[in-house]
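Undergrad: quick check, what structure comes out for this input:
(3 chains)
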Amino acid sequence: MAEIAAMVERREVGYSLESAFYASEEVYDLDVKAIFGQHWLFVATEAEIPEAGDFVTVEIGTQSLIIVRDDDEEVRALRNVCRHRGSRLLEEPCGAIGNLVCPYHQWTYRADGELVYAESQSPSFDKSKFGLKQVHVRTVGGLIFVCLADEPPADFDEVASVIEPYLKSYRLKEAKVAHQTDLVEEGNWKLVMENNRECHHCDASHPELITSYFPFLRYDESDITPRLQPLYERYLKATEDLDNVCKTNGVPRELVHELDTRETGFMIMRLPLDGDGASFGIDGAQVCQKLIGDSPTPKFGDLSLHMQPNSWFHFLSDHVIVFSVLPIAPDKSMVRTTWLVHPDAVEGEDYTIEGLTSVWKATNDQDRALVEKAQRGVTDPSYVPGPYALVEDDVESFINWYVGRLRDYLEPHRESAERLGHLNAVAAQ
Amino acid sequence: MAEIAAMVERREVGYSLESAFYASEEVYDLDVKAIFGQHWLFVATEAEIPEAGDFVTVEIGTQSLIIVRDDDEEVRALRNVCRHRGSRLLEEPCGAIGNLVCPYHQWTYRADGELVYAESQSPSFDKSKFGLKQVHVRTVGGLIFVCLADEPPADFDEVASVIEPYLKSYRLKEAKVAHQTDLVEEGNWKLVMENNRECHHCDASHPELITSYFPFLRYDESDITPRLQPLYERYLKATEDLDNVCKTNGVPRELVHELDTRETGFMIMRLPLDGDGASFGIDGAQVCQKLIGDSPTPKFGDLSLHMQPNSWFHFLSDHVIVFSVLPIAPDKSMVRTTWLVHPDAVEGEDYTIEGLTSVWKATNDQDRALVEKAQRGVTDPSYVPGPYALVEDDVESFINWYVGRLRDYLEPHRESAERLGHLNAVAAQ
Amino acid sequence: MAEIAAMVERREVGYSLESAFYASEEVYDLDVKAIFGQHWLFVATEAEIPEAGDFVTVEIGTQSLIIVRDDDEEVRALRNVCRHRGSRLLEEPCGAIGNLVCPYHQWTYRADGELVYAESQSPSFDKSKFGLKQVHVRTVGGLIFVCLADEPPADFDEVASVIEPYLKSYRLKEAKVAHQTDLVEEGNWKLVMENNRECHHCDASHPELITSYFPFLRYDESDITPRLQPLYERYLKATEDLDNVCKTNGVPRELVHELDTRETGFMIMRLPLDGDGASFGIDGAQVCQKLIGDSPTPKFGDLSLHMQPNSWFHFLSDHVIVFSVLPIAPDKSMVRTTWLVHPDAVEGEDYTIEGLTSVWKATNDQDRALVEKAQRGVTDPSYVPGPYALVEDDVESFINWYVGRLRDYLEPHRESAERLGHLNAVAAQ
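TA: Reported below is the predicted structural model:
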């Protein structure tokens, strides 16, 4: 722990993290505790559990959660561990239950976690003390967040009040899940996040995705060469159109960048798209003929939300795509991607799975390959941190947030850590 | 070690063990040393090695043993490690040898372990000092037990003298091995044992097995509802018949329950079976037409023997089935199951492999699934020990025995452990 | 570290190493640092990268190197880690490049490692500080050696000057790579080396290989029985013929045995072959019709070179075969074998892959099986070191060299190690 605290202290701003952050079991265990165990995590959408008894299971390291809609239609997050002898209750990724019945000795819990039946216990046994353990859960605009800590970060309400107006028109709670994929990547979860937090790699690696985007995110006028001029004018026009659509429909348009300035770090922004300007089809083409929620027009831009530590979202006029990253091991992570459409959109008529998902399936897989090359490289003993490019400032923000959160978590332990550090220094090889 | 000692001390009676007992490498290593390294372990039957030179190999963690009948027809247990440069000698699970010849440089040992040939050694080389290492071995009623300790538990003779009269009539030493399976389960060896030590899970999980058993093992008269009355009367009748068979044939009938009251913990009992009352076929049907040993009648009940730390046995009128659990890793174990029949029983005539083995193959596989769910649950950081049901008292006995044996093993190390604990407490995060 | 130092100190001469040397992660990590990180390692032949831009990649534990011929035709060894965010640059085992372009964000390096392009860096960014890290590289007679240490062993020039005259006539730099295999063995790299350093196992395990060799390597006249007499005379004749060939052609003939007497330990010797006396075909048959380099006659013997820590070589009149061992994990190693022939030798005419490679493919696989049996045996807790045979003196030399190199590496750490040892002794279980 003293060693990790030292690593945190010597981290150089503007440079990538040192190797042990991506390789060591100790850092991984700390990440699971201090990052995934203390912050709000996006884990599912309400649309995945529309009715009472519907559930999904979520694995965070070796922890398993049941996200379930209880009999009062409330969303619950329950530990997937029987209170009798500890068996896993549910192993399916999703499904529907009446009660939760343990497969081992049939201890039976209601969907809200209350224990209602346990056979052959002593007369003094108090069922009320053996309900399933509850985890904090919150929903915002149809997105379900959980927090494993006893005392979750207090700023979530504030963040929710900022982002809710942006998400509202998409009516995600009523949406239909069109598709979901789980992609395992042989890389540390932070490499997956860093990859998501910059598009510096997009030109060379994501030929499908970049056909929708204008390349001007961090440009200013002086960067525009004569060759780029026509494209730049298209961009200015698309920006202006998007401004007008937002103004007309009373939809917020401002970029909010709080990636490393609060516990529940996030960024939200709306970008115009190129070509058809509608969605993630090739050249910005629409991929579902039925618009989602109250989208006023196909040219509604890409509303993107990035949240620390583990999620990002794209809200298009015709569909929504949500991503969560879950750690499996120091060198293994899972990316769950879910595509949502209007509840009345009909597969084969309004959209096809192929048309809806192909660009991001390709993009995810391209990113997986990059993350895996990075994992092999940063765990090579000859690796040293390198300098971020200017366009990698949101990677820097992610790392700033991460390092800051670790520092806060380690603070109470600092004194004893220093003492251990001293002992080690005395004895070390 | 200090941490494990603390875990042992804080173990709450009536509750399952805490998570680290099933997950940590340190506990696993200690289990291999303190439990598997210090106690008598059932590893094979004499029927598997009927003739001089016959052998089986047994793996206990990373240790390998050769159980072999030597030229004097004595059963030997030898370390499967050449005394030259350490190569494994035998890798086959079973077979027959003349001498034991190392595949690497042909050091040659007699079946009793004595070194008889080693090429190109210096003139001063003393062959008599390089025999294969011997392990303590004992046989009881055809069952082979080994002990890896220098000084095995002294109570084995006493236990042997109690159980031998029960086993005698089955004449297991002369039996024929009809079938053997090795099942790898993704769970700690103690979860496999706990699963074996209760039938609380049987009703829901073992539809085939329960057709043979009466469900009254821990019932008293007051538990018998009117609906259960006819079944209960059948049970009383079967019990009385079994009493008479035992009395007529001079066969011991008493339950001996010493699961947690001695080093070589065990329990032996004879239960009547339901339906045909004979064996583990559906509804208690006989599965081999030729009775085994001197069984006086097909309705000879189920003589069951449970031994700590790693075995259980069912002796039926028509066959015997023996089980041993061997640790592979903290989260992986092997269950070896062997079916034995009368030496003259003919496959295809007196029995079929399918008919003989299907119930316990199904039962083993159902138990494997339960053990694996339990492993995933108890290694979830949110798991806390839960209360055993009244009918799980033999699980409690197993855990009592286990914790007591660890405590005895750790005793000599306590003082230094406390000192280390102190150092850690000073330095810890 | 203190524990390893203690193991090094208590190593008994004439006996195999104790178990932890083959099993522990700590020793493995030390081996990678102190042995593979401090010594000259054979990694490839110049023939594998004949032209500018040609490269091979080499993995040493988790380290990856690019061995590349730069634009000035110099051989370079570069760390395969981008200086930006650490991505692996090349994942192919071999190929050809113009520049080295990182697949992640296209940082672009020349083949000599210099950074020539990095997009979107701040104005103060100094490209000259971010070239790929260089590793020491030397070539001798067409063999490429690298050293990962800052200060490589200084005796390499001396060794090179001894072996170069032996290798010269084979003109390996101009040779053609006919075939290459990578064999993964489930054993510690030292077991692979020990296996290579004796032929005590050859008679029983390598039926193909031994048809080429005379069995008299360590015999003297008194060992020759009447039955062996005709074979021995054939051996004396072949030896005399080989002496004459060497004398006539001005080729050095002396055995140089410095396996454990210097940092860059090696042995070189030329042996006559039996049967046809030419090469590794069955009964010494030639396997390539075109002789390699300036071989004066097919009966040019087997020039064998053994180098610490990880390579051996056989130079025949008609082909050369080179071997390197690379560690993957404590219990896993890779053996790369490369067959080289005259640049004008034509596959299908002068040689076939099958004819050229079958003996050593079989031999390698036989050795893999032995190494894997040894790994399982020496990691059995009942294993204790055993005595080497007289004919295993080069195994002893390898171990002497290894233990000596560890001792030298650990020397500066000894005092602190002793202090840690003291702390541990106070606290230990």
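
Undergrad: where does chain A come near chain B, residue by residue?
TA: Residues of chain A that fall close to chain B, judged by C-beta under 8 Å from any C-beta of the partner chain: A:1-2, A:62-64, A:79-89, A:91, A:103-106, A:118-122, A:125, A:130, A:133, A:413, A:416-417, A:419-420, A:423. C-beta here means a position set from N, CA and C on the backbone, and glycine is covered the same way.

Undergrad: filter those residues down to the buried ones and express that as a PyMOL selection.
TA: Entered in PyMOL, the line below selects the buried ones among these, by 16 or more other C-beta atoms under 10 Å in any protein chain shown:
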select buried, chain A and resi 1+2+62+63+64+79+80+81+82+83+84+85+86+87+88+89+103+104+105+106+118+121+130+133+413+416+417+420+423
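
Undergrad: buried ones in stretch A:296-303?
TA: A:296, A:298-303.

Undergrad: determine which two of the residues you listed are furthest apart.
TA: By the measure C-beta to C-beta, A:Pro296 and A:Asp302 form the most distant pair in the buried residues of stretch A:296-303, at 15.2 Å.

Undergrad: show me where chain A has helices.
TA: A:2-10, A:20-23, A:25-30, A:156-167, A:189-196, A:202-205, A:229-249, A:353-378, A:393-410, A:414-427 (DSSP state H).

Undergrad: check contacts around the closest residue to A:Ser169 other than its chain neighbours.
TA: Distance criterion C-beta to C-beta, 6 or more residues apart in numbering or on different chains; nearest residue to A:Ser169, sequence neighbours excluded, is A:Asp294 at 4.4 Å. Counting by C-beta atoms under 8 Å, 6 or more residues apart in numbering or on different chains, A:Asp294 touches A:169-171.

Undergrad: can you redo the helices of chain A as CSV with mean pLDDT and distance to chain C?
TA: Converted to CSV, these look like this (pLDDT from 0 to 100; distance: least, C-beta to the nearest C-beta, whole Å):
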stretch, mean pLDDT, distance to chain C
helix A:2-10, 95, 16
helix A:20-23, 98, 8
helix A:25-30, 98, 11
helix A:156-167, 98, 29
helix A:189-196, 98, 8
helix A:202-205, 95, 6
helix A:229-249, 95, 18
helix A:353-378, 98, 4
helix A:393-410, 97, 8
helix A:414-427, 55, 4
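
Undergrad: buried deepest among these, which one?
TA: helix A:189-196 (a mean of 25; mean count of other C-beta atoms under 10 Å in any protein chain shown).

Undergrad: and the angle for it with helix A:353-378?
TA: Put simply, helix A:189-196 runs at 120 degrees to helix A:353-378, going by axes from the mean of the first three to the mean of the last three C-alpha atoms, to 10 degrees.

Undergrad: so what's the most centrally placed residue in chain A bridging to?
TA: Computing the C-alpha centroid of chain A and ranking residues by C-alpha atoms, centre = their mean puts A:Ser311 first, at 1.5 Å. Beta-bridge partners recorded for A:Ser311 (DSSP bridges): A:Met307, A:Ser324.

Undergrad: how many neighbouring residues does the residue lying closest to A:Gln308 once chain neighbours are set aside have?
TA: Excluding the flanking residues, the one nearest A:Gln308 by C-beta to C-beta, 6+ apart is A:Gly265, at 3.6 Å. Counted by other C-beta atoms under 10 Å in any protein chain shown, the residues lying close to A:Gly265 total 25.

Undergrad: how far away is A:Gly265 from A:Trp339?
TA: 25 Å (C-beta to C-beta, to the nearest Å).

Undergrad: and for A:Thr139?
TA: In terms of C-beta to C-beta, A:Thr139 sits 19 Å off from A:Trp339.

Undergrad: same question for A:Leu406.
TA: Separation of A:Leu406 from A:Trp339 (C-beta to C-beta) stands at 34 Å.

Undergrad: now do A:Gly284
TA: 17 Å.

Undergrad: same check, this time on A:Ile399
TA: Counting by C-beta to C-beta, the gap from A:Ile399 to A:Trp339 is 29 Å.

Undergrad: quick one on the thing from earlier: show me the residues of chain A next to chain B that map onto strands.
TA: A:63-64, A:79 (DSSP state E).

Undergrad: higher neighbour count, A:Thr139 and A:Trp339?
TA: Legend: neighbour count by other C-beta under 10 Å for A:Thr139 and A:Trp339, higher for A:Trp339 (24 against 16).

Undergrad: just the pLDDT at the more buried one, thanks.
TA: Among the per-residue scores, A:Trp339 shows a pLDDT of 98.

Undergrad: what's near enough to touch it?
TA: So A:Trp339 contacts A:177-180, A:319-321, A:356-357, A:360 (C-beta under 8 Å, 6+ apart).

Undergrad: hmm, the residue nearest to A:Gln308 is touching A:Glu258, no?
TA: Yes. Using C-beta atoms under 8 Å, A:Gly265 is in contact with A:Glu258, at 6.1 Å.

Undergrad: A:Glu48 and chain C, how far apart?
TA: From A:Glu48 across to chain C, the span is 33 Å (C-beta to the nearest C-beta, to the nearest Å).

Undergrad: give me the number of residues near that residue?
TA: The burial count for A:Glu48: 20, using other C-beta under 10 Å.

Undergrad: go on, the one 5 residues further on?
TA: Neighbour count for A:Gly53, taken as other C-beta under 10 Å: 16.

Undergrad: next, it: phi, psi?
TA: Phi and psi for A:Gly53, reported as degrees, to the nearest 10, are phi 90, psi -20.

Undergrad: what's the distance between it and chain B?
TA: Separation of A:Gly53 from chain B (C-beta to the nearest C-beta): 21 Å.

Undergrad: residues touching that residue, list them.
TA: A:Gly53 is in contact with A:68-69, A:71, A:96-98, A:111, counting by C-beta under 8 Å, 6+ apart.

Undergrad: among the residues you listed, who's most crowded?
TA: Counting neighbours by other C-beta under 10 Å, the top entry in the contacts of A:Gly53 is A:Val68, with 29 neighbours.

Undergrad: excluding chain neighbours, what is closest to that one?
TA: A:Phe55 (4.0 Å).

Undergrad: give the contact list for that neighbour.
TA: With C-beta under 8 Å, 6+ apart, A:Phe55 has these contacts: A:49, A:66-69, A:90, A:94-97, A:111.

Undergrad: which one of these is nearest B:Arg197?
TA: Distance to B:Arg197 across the contacts of A:Phe55 (C-beta to C-beta) is lowest for A:Leu90, with 25.7 Å.

Undergrad: next, count neighbours for the closest one.
TA: 21.

Undergrad: how about A:Lys33?
TA: A:Lys33 has 15 neighbouring residues, counting by other C-beta under 10 Å.

Undergrad: give me the low-pLDDT residue ranges for chain A?
TA: A:413-429 (pLDDT under 70).

Undergrad: again, only this time at 80
TA: A:217-220, A:413-429 (pLDDT under 80).

Undergrad: OK, contacts around the residue at the greatest distance from the centre of it?
TA: Distance from the C-alpha centroid of chain A, by C-alpha atoms, centre = their mean, peaks at A:Pro123 (46.1 Å). Counting by C-beta under 8 Å, 6+ apart, A:Pro123 makes contact with nothing.

Undergrad: cool, and A:Cys82?
TA: If a contact means C-beta under 8 Å, 6+ apart, then A:Cys82 has A:88-89, A:102, A:104, A:107, B:377, B:386 as its contacts.

Undergrad: what is the nearest of these to chain C?
TA: B:Gly377 (29.0 Å; C-beta to the nearest C-beta).

Undergrad: just checking, the closest one touches A:His84?
TA: No. The pair B:Gly377 / A:His84 is not scored as a contact, 9.9 Å apart, by C-beta under 8 Å.

Undergrad: quickly list what the residue nearest to A:Lys127 when sequence neighbours are not counted is bridged to.
TA: Leaving aside its sequence neighbours, A:Lys127 sits nearest to A:Leu115 (C-beta to C-beta, 6+ apart; 4.7 Å). For A:Leu115, the beta-bridge partners under DSSP bridges are A:Tyr109.
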